[in-house]
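*Asks:* sequence? don't have it. structure:
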């Protein structure tokens, strides 16, 4: 059980780091709960696909998640300058970050644990990110865009 929890926590660290950066963009508690639930659901579904149907992707797919996250951060930065940023696009990130769960190859009984741990770590990241953001003079979209790009770089390094 301990190994399973540590594996689930390791797989959810990317959600935590990205949610720290996304915190300034989540303006309401409901939005944070929905987004955290979506992170947990997407990670659980990817683990289910991998375990139940033997769907696995090659290891190089792991590098797609940081690229997609960095692209999103760049879009937030660029679009914040012209006020054309759509806040609903934030809900696409959990899908991109679930790719590592397809590669992990965890057993079927890990699905619920991965989903709960991922959702909780995402919620913690969103909550911390939200509390840090308000005191800054930088517009929240620019702050979040830069932080998302930095978190993508951290994902690439790890």
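*Replies:* Yep, it's here. Fair warning: this is a prediction, and the values are worked out from it, not measured in the lab.
*Asks:* from now on I want contacts and neighbour counts done on CA atoms only, so please keep to that.
*Replies:* Will do.
*Asks:* list the buried residues of the helix-or-strand element of the chain with minimal mean pLDDT.
*Replies:* Least confident helix or strand of the chain, by mean pLDDT, DSSP states H and E, is helix 64-80 with a mean of 74. For helix 64-80, burial by neighbour count (16 or more other Cα atoms under 10 Å) applies to 65-74, 76-80.
*Asks:* which strands and helices sit next to it?
*Replies:* For helix 64-80, the helices and strands in contact under the criterion 3 or more Cα pairs under 8 Å, 6 or more residues apart in numbering; DSSP states H and E are helix 93-97, helix 99-104, helix 140-157.
*Asks:* name the nearest of the buried residues of helix 64-80 relative to residue 109.
*Replies:* Nearest to residue 109 among the buried residues of helix 64-80: residue 65, at 24.7 Å, using Cα to Cα.
*Asks:* hang on, isn't the closest one packed against residue 99?
*Replies:* Yes - the criterion here is Cα atoms under 8 Å, and residue 65 meets it with residue 99 at 6.7 Å.
*Asks:* what are the contacting residues of stretch 64-78?
*Replies:* Applying Cα atoms under 8 Å, 6 or more residues apart in numbering, the set of residues contacting stretch 64-78 from outside is 85, 93, 96-97, 99-100, 141-142, 144-150, 152-153, 155-156.
*Asks:* which regions of this structure sit below the pLDDT cut-off?
*Replies:* Within the chain, the segments meeting pLDDT under 70 span 56-57, 59, 61-62, 78-86, 133-140, 158.
*Asks:* I appreciate the help and will end here.
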